[in-house]
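# Take a look and give me a structure for this.
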Amino acid sequence: MKVVIVAHILRQSSGRYVERLLHHLQKIDSKNRYVVLLKPEDYAGWVPDNPNFTKMRFRFKRYSLIDQIRLARLLYRQNADVVHFSFQPDVFTPLAGLFYFRKKIFT
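Numbering: from 1, shown residues only. I've put the predicted structure just below:
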């Protein structure tokens, strides 16, 4: 199974959940493949410990329609079995994959 994790909040206070999720998934899962989408400024700061995890840069901008389209295109090209979107609790519509219609989870 291929999983994409949209980790745009990784280095924010609410990103602790995503950081811990990535940490523990790397320790327990050696079967599935993961692609972690990161902001360019977070890219160098997160290094996978598990060879089944790769990272990819994506420039996130809130409330940008063009970014929603760019994100959907990127996600469709990844051909993931499921995409995990994380949300900031103080923002109503962060990158929610508005134009991505395949399997996805939100936390």
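# Which strands or helices does the helix or strand in which residue 56 is found pack on?
Assigned by DSSP states H and E, residue 56 belongs to strand 53-57. Contacts defined by 3 or more Cβ pairs under 8 Å, 6 or more residues apart in numbering; DSSP states H and E place strand 53-57 against helix 16-28, strand 33-38, helix 40-43. C-beta here means a position set from N, CA and C on the backbone, and glycine is covered the same way.
# Tell me how confident the model is about the shortest one, as a mean pLDDT.
Along helix 40-43, the predicted local confidence has a mean pLDDT of 90.
# buried stuff in that helix?
42-43 (16 or more other Cβ atoms under 10 Å).
# For the protein, give me the ranges with low pLDDT.
For the chain, residues meeting the criterion pLDDT under 70 lie at 12-14, 62-63, 87-96.
# again, 50 this time
Residues of the chain meeting the criterion pLDDT under 50: 89-90, 92-93.
# about what we covered before: relative to strand 33-38, how tilted is the strand holding residue 56?
Here strand 53-57 runs at an angle of 30 degrees relative to strand 33-38 (axes from the mean of the first three to the mean of the last three Cα atoms, to 10 degrees).
# and the helices and strands packed on strand 53-57, which is most packed in?
Most buried of the helices and strands packed on strand 53-57, by mean neighbour count (mean count of other Cβ atoms under 10 Å): strand 33-38, with a mean of 20.
# what are the C-alpha coordinates of that one, in CSV please?
In CSV, the C-alpha atoms belonging to strand 33-38 read as follows (Å, rounded to 0.1, in the frame of the first residue of the first chain):
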residue,chain,number,x,y,z
ARG,A,33,5.4,2.8,1.4
TYR,A,34,5.0,6.4,2.5
VAL,A,35,5.5,9.8,0.8
VAL,A,36,5.6,12.7,3.2
LEU,A,37,4.8,16.2,1.6
LEU,A,38,6.7,18.9,3.4
